[in-house]
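Participant: got a structure for you, letters missing:
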């Protein structure tokens, strides 16, 4: 039986349509037709995607690699606006990484309808100087053997792997990409030339623009500018007003607007967790962000709708373009643009409804 929902404003991820009814059956969209109302929703968009978050309301995945943590992350992400998400597994011991990959594989096998797309492996092969809050004791250089061990354990779940390309040989990066892993440059002190070399190899993603990377300098332009000058590289940003200044975010948007997509990089969502300790990793919720004892940012607390509100305000972007920053752009960045987060015939019937100004955001299944 075909079910239908109607909306005054339909945002497909690519365009803005007025007065439409969307028909769907067996979880797939089968039709998009004109209507004169009444409307079930004022605004309807595809399911939002967060390709980088660390924890849910209460669980931090790297510290407690179990199904309860993934369930918490998935629930919190959906309830705060992003149906699809990609939990991060950060720099840690190889045994912890392997366990996290195995747990994630088991979780996805048991819950085939999960909104968790896979894991974002963030580290451990990153720049010591640009490690940020990542535990120093686990930062290391890549070996062929360890790369193979991790890939074999996570072949079906590693969707993004953040690394510092200056630590890698070309054949190692090529190996990861041949395995279908989306290599992302982050926590890297790469020079402008080293970054461009990685992009020439086929890398198409940075982890969090400006943060934990070699920055802009008039004689040493660094990774940030190399990424912004590439038309086919996607640049996620954390718009909490703390991880980067809003002026630098505006600059990135002016230089390469189509490259910008939004992430939360949330240590925890919902601002319910006020303190956290895992081994030498600690965090306190201070003025809307998580800060460690060294007064270094340990993660954000922003939700996807909050990031979207800021993007619309500081960029002056249309509602349709902001929606693209959390739907089709991240889907393209991870090679899933033909499968999720667009509204069109054949796509999943998973939507996001919202009120003006990205208020009242909620998932519609």
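Facilitator: That came through, no problem. Predicted model only: the values in this text are computed from it and were never measured.
Participant: so how far is the lengthiest helix in the chain off the chain centroid?
Facilitator: Identified as the longest helix of the chain according to DSSP state H is helix 94-110. Centroid displacement of helix 94-110 relative to its chain, using Cα atoms, centre = their mean, to the nearest Å, is 19 Å.
Participant: who's in contact with it?
Facilitator: 61-62, 65-67, 70-71, 87, 89, 114, 116, 118-119, 121, 124, 146, 149-150, 153-154, 156-158 (Cβ atoms under 8 Å, 6 or more residues apart in numbering). (Each C-beta comes from the backbone N, C-alpha and C, glycine too.)
Participant: residue contacts, the residue lying closest to residue 8 once chain neighbours are set aside?
Facilitator: Nearest residue to residue 8 in three dimensions, chain neighbours excluded: residue 39, at 4.8 Å (Cβ to Cβ, 6 or more residues apart in numbering). For residue 39, the contact set (Cβ under 8 Å, 6+ apart) comprises 6-8, 19.
Participant: now the residues you listed: which count as buried?
Facilitator: 6-8 (16 or more other Cβ atoms under 10 Å).
Participant: between the residues you listed, which is closest to residue 234?
Facilitator: residue 7 (28.0 Å; Cβ to Cβ).
Participant: residues contacting the closest one?
Facilitator: Residues in contact with residue 7, defined by Cβ under 8 Å, 6+ apart, are 20-22, 39-44, 353.
Participant: now with 7 Å, please.
Facilitator: For residue 7, the contacting residues are 20, 39-44, by Cβ atoms under 7 Å, 6 or more residues apart in numbering.
Participant: quick one: low-confidence ranges for the protein?
Facilitator: When residues are selected by pLDDT under 70, none of them lie in the chain.
Participant: which secondary structure element contains the residue nearest the centre of the chain?
Facilitator: Against the mean C-alpha coordinate of the chain, by Cα atoms, centre = their mean, the closest residue is residue 51 at 1.9 Å. Using DSSP states H and E, residue 51 falls within strand 49-53.
Participant: C-terminal to that strand, what's the next element?
Facilitator: From strand 49-53 onward toward the C-terminus, using DSSP H and E, the following helix or strand is helix 67-79.
Participant: circling back to that earlier point, just the buried ones from the contacts of residue 7?
Facilitator: By 16+ other Cβ under 10 Å, the contacts of residue 7 give 20, 39, 41, 43-44 as buried.
Participant: the helices in the stretch 151-300 of the chain, which residues?
Facilitator: For the stretch 151-300 of the chain, the helices defined by DSSP state H, counting those that start in this stretch occupy 170-178, 192-201, 222-228, 246-255.
Participant: returning to what we had before: neighbours around the nearest residue to the residue nearest to the centre of the chain once chain neighbours are set aside, how many?
Facilitator: Once flanking residues are discounted, residue 51 sits nearest to residue 86: 4.6 Å by Cβ to Cβ, 6+ apart. For residue 86, the neighbour count with other Cβ atoms under 10 Å is 26.
Participant: which secondary structure state does residue 86 sit in?
Facilitator: Taken by DSSP: H, G, I helix; E, B strand; the rest coil, the conformation at residue 86 corresponds to strand.
Participant: tell me which residues touch it, please.
Facilitator: Going by Cβ under 7 Å, 6+ apart, the list of residues near residue 86 reads 50-52, 117-120, 159-160.
Participant: which one of these sits closest to residue 347?
Facilitator: residue 117 (14.8 Å).
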